[in-house]
Each structure stands twice: as C-alpha cells, then as structure tokens.
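Visitor: Quick one, fold the following:
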Amino acid sequence: MPPNFLFLIADDHRHNAIGSLGTSAVATPALDGLIAAGTALTHTYIMGSTSAAVCMPSRAMLLTGRSLFRVFGLNPDNVSPYPMDPGIPTFPELLRTSGYRTYGVGKWHNEPSLYARSFDDGASIFFGGMSEHAAVPVHTFHPHGLYPLDAATPGHSFSSELFVNSAAKLLHTHPADHPFCMYVAFTAPHDPRTPPPEFARRYPASDIELPPNFIPEHPFDNGELGGRDEQLAGHPRDPDEMRRHIADYYGMISHLDAQIGRLLDELEVTGHANDTIVIYTADHGLALGQHGLLGKQNVYDHSLRVPLIIRGPDVPPGERRDGLCYLMDVCPTILDLAGLDPPTECEGLSLVPMIQGAELDVRESIFSAFQRDQEVGVDDPWQRSVRWGDWKLIETGAMGERHTQLFNLVSDPWEMRNLATQAAHAERLDAMRSRLMHERTVGGDTYVTGG
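Guide: Numbers count the residues shown, from 1 in each chain. Take a look at the predicted model:
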C-alpha cells in the first residue's frame, strides 16, 4: 500500500523561527524531533503574492503546483472572493481519485468548491483568512460541499488545539484498508498573537533579542507601509514594542509546536507512525521589525522563506538540503512519493531526488513578486526579486520612484548591505537584472516594470 500523508501547514511561520533551524530562543521540541528524524529543506521560498492576503495565493500554489501568475489567472469570469481558478486540481483531490481517503481540517482560504472536491471527510473547517484564536468560525464537514457563511459556529478551544483535536478524531476513525492524506492547516502563529497564558509567560519581552536587521523604519516607501499588517505597531518602530510582538510570536509558535506533538503522538497510538510521511511547512514568513517592517507584503527572505520538513518512509533521517526550491514544489513531491504523475500543467518540480540525495539542486534560481492585485497599472506599487546562486536582486517601484537592492546572501544573510550602487558589482547587477527578466517571462509575469 502507498504511504499515508499527514500534511501540516502553519500561518506566518518564518523559516528560521524553529529552535534547531536558527532561533534557539523559541522552544519547538516537536518540530526539532521531526527535523532529527527527517530531512529539512532549508531554502524553500514562496513565489510571492498578487494579494495583500499572501496566504491565499501561497496556499493555492502549494495545493496545485501552479505558479503565481497562473494559479489565479485562468478564469477571468470568476468573481468569487477566492479568485483561485476552480478548474485546477489539488493534490488532495488527485490522491482522492487514486484511492486515498482524504481529510481536511482547519484553514482553507480558497474556493469552497475545491474543498468539496478535495476531501472525503473533515472537521473544524475555516474558510476565512484570520480570526480570534479562541473563537474561530468553523464549519462541520458537509458531504455535498455546502458551506454558507451563516452556518459557521465559533470553536470552543484555542485554534491549534481545536484543529488537532479534530484531526486526532479523524485518525482514530480512519478505515485501515485505505491509505490516507490528512491536510491540517493552522491559523497560528498569525495575529492576533494571543498565546495561552502558560506559553505567553515563557517569553518575557525584556528577554527578547532583536534581529540584526531591525531598524526603526524601512529605508524607502515600498508601497506597502500603510497596509494593514504594517499598522499593527507604531511608526517608527519602537524596540520594546517589537520585543513584545516577537515574544507573543514565540509563544504562539511554542503552543503550536505542543499541539503538533500531540498529533504526532496520536499517529503513534493509531499505528500509523511508520507508514506515514509527515510534512510541515508554512504559507509565508513574517518581518516583525526586520527592515523596519512588520508584515509579509514584501520580498525579503524573512517573508518569502518558509520551513519545509519531511519525515517518513524513504526519507533520510537527520539530513538538511540547502538547494533552492518553491513551496509549490510540494504538490508534485507528494504525488511522486505516492507513485503518481503530476498533471501536465503542473509547474512545480518533485523534490524527491533532492530529498534522497541524488541531486543537490532542482532549481537554479528563485523568482518572487508582490503586488496587491492580480492586475496592476503603471502607477501601482510593485516588488520583484530573484535569487540566483549566492546573490539576490530586489527591484521596487512605488510613489513614482524605483529602488534597486543587491545582496550577497552568503556574506549578508540578513540583507543589510545594498551593493547595487557599487561599481565593483555593476556586472553582477546587469546579470541579475537579465536573470530577473528571464524568470518573469518564464513565470508569466507580463506587467512591464520599466526593464
């Protein structure tokens, strides 16, 4: 029988906000255990967003293996608040049609019709983008996919506990004669960052160390400084206020980690630990004071890079892979591990060769974009970036100005020293701009940003 899948996705979890992946100040014993028993892909990027709600296109790309400018762009007549094209199959849907029993728990934030096609069963289903963690408006599973907004009822426990409780119940009722795929999508550590008191007390704000690239204000207007996320703290950024935000973030992550540990224990109890591939990731990262920013509506690494941890049969234990990859590569990777071919339209690449050590890299470069809408005009702000080898280029247009940033990510992983104006790097800058234009063409980015 093919392997089972337990797929776990967090909301706003930055790539290095895990104890054993860079931030020892935050306690994550369950995730650290997954890393020790599996393989961590340390340079996993999202392709960005064509929405201020970055989670929506990010999850759509993950589920389908389609790229940013194609996952929403195939159906111009779709007027749903969730603009993902409903004709694109998701990986749970493809597993379901191949004999898997599929379960959905937690945040969806995309087409309800796609949810109905993707899952045989589910619980505590949240179609929104964010909510109070103590009262998430959730739906019970409906076999015919009917989920009117007024049918949602508030959950009666903290979001991460609510979703794990539901997932555990489904694990205990799963029939043994079918492989399963369980998709568990958390709303933590997204704001409002209100960790339960026990976890909040673990992180006094006075003990928090600010990141090296903390600055009070972003060096220029990137077109997003007035956005919702950036207004959750004062301008300029006060160091003590940022420490409080980071402390709450860590508390949310540690509480989430504890609930993941509970679910992994249930996997053991139900006898599925040895035949289940567990995958943990997030839909995007978060700034929290880095570069003077608070949210994720930007193309710095703190917002684009996410954790990606895989444990299970045929996955090497205790390994790390540093090759570049996209979050959308998870879709064909899961299908590959299940012995299935991806759809011909899938743009993601299977990471199985990299995971198993046969290849060091599956991609030469990573392209990312941010804009607030699927279509933007010449006066609208835009951000574009490319990472190619050790280098990263960011081009930004906003408020009638254009800004160029060039970073060497080996010597400057926090993206603090802009080398774009240095004559010694002029040839590198030209090459990076050419690579960015190539990636934009390949990725279907047709917006003309002036070169």
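Visitor: Please report how far the closest residue to residue 53 other than its chain neighbours lies from residue 58.
Guide: Using C-beta to C-beta, 6 or more residues apart in numbering and skipping residues adjacent in sequence, the residue nearest residue 53 is residue 129, 5.2 Å away. C-beta here means a position set from N, CA and C on the backbone, and glycine is covered the same way. Noted for residue 129: a distance of 12 Å to residue 58, by C-beta to C-beta, to the nearest Å.
Visitor: Neighbour count for the two, which is higher?
Guide: Of the pair residue 129 and residue 58, residue 58 is the one with more neighbours under other C-beta atoms under 10 Å, namely 28 against 18.
Visitor: Can you verify the more buried one is assigned to a helix?
Guide: Yes - assigned with DSSP: H, G, I helix; E, B strand; the rest coil, residue 58 falls within a helix.
Visitor: so it makes contact with residue 44?
Guide: No - counting by C-beta atoms under 8 Å, residue 58 does not reach residue 44; the two are 11.5 Å apart.
Visitor: what comes into contact with the one helix or strand in the chain whose mean pLDDT sits lowest?
Guide: Taking mean pLDDT, DSSP states H and E as the measure, helix 112-118 is the helix or strand of the chain with the lowest mean score, a mean of 87. Counting contacts by C-beta atoms under 8 Å, 6 or more residues apart in numbering, the residues outside helix 112-118 that touch it are 63, 82, 84, 86, 89-90, 92-93, 96, 102, 104, 108, 122, 125, 127, 142, 144-145, 147, 183.
Visitor: ChimeraX command for the buried members of those?
Guide: Here is the ChimeraX command that selects the buried residues among these (16 or more other C-beta atoms under 10 Å):
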select :63,82,84,86,89,90,92,93,96,102,104,108,122,125,127,147,183
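Visitor: what ranges do the strands span in the stretch 201-350 of the chain?
Guide: 276-282, 305-306, 308-311, 319-326 (DSSP state E, counting those that start in this stretch).
Visitor: pLDDT value on residue 106, please?
Guide: As predicted, residue 106 sits at a pLDDT of 97.
Visitor: sec struct for it, please.
Guide: Classification of residue 106 by three-state DSSP places it in strand.
Visitor: residues near it, how many?
Guide: Using other C-beta under 10 Å, residue 106 has 27 neighbouring residues.
Visitor: Give the full set of residues in contact with it.
Guide: 124-126, 159, 163, 166, 184-187.
Visitor: So residue 227 sits against residue 53, correct?
Guide: No - if you go by C-beta under 8 Å, residue 227 and residue 53 don't touch, sitting 10.8 Å apart.
Visitor: State the distance from the most centrally placed residue in the chain to residue 347.
Guide: In the chain, the C-alpha nearest the mean C-alpha coordinate belongs to residue 283, at 1.6 Å (C-alpha atoms, centre = their mean). To residue 347, residue 283 is 18 Å away according to C-beta to C-beta.
Visitor: OK, contacts around the closest residue to residue 282 other than its chain neighbours?
Guide: The spatially closest residue to residue 282, leaving aside those adjacent along the chain, is residue 13, at 3.6 Å (C-beta to C-beta, 6+ apart). For residue 13, the contact set (C-beta under 8 Å, 6+ apart) comprises 189, 253, 256, 282, 285-286, 306-307.
Visitor: tally of neighbours for residue 336?
Guide: For residue 336, the neighbour count with other C-beta under 10 Å is 17.
Visitor: contacting residues for it?
Guide: 342, 350, 352.
Visitor: Now with 7 Å, please.
Guide: By C-beta atoms under 7 Å, 6 or more residues apart in numbering, the contact list for residue 336 reads 350, 352.
Visitor: Likewise for the one 5 residues further on?
Guide: When contacts are counted by C-beta under 7 Å, 6+ apart, residue 341 is found next to residue 335.
Visitor: likewise residue 362?
Guide: Residue 362 is in contact with 323, 325, 349, 351, 353-354, counting by C-beta under 7 Å, 6+ apart.
Visitor: Now it: which helix or strand?
Guide: Assessed by DSSP states H and E, residue 362 sits outside every helix and strand.
Visitor: quick check, distance from stretch 374-381 to the centre of its chain.
Guide: With C-alpha atoms, centre = their mean, to the nearest Å as the basis, stretch 374-381 stands 24 Å off its chain's centre.
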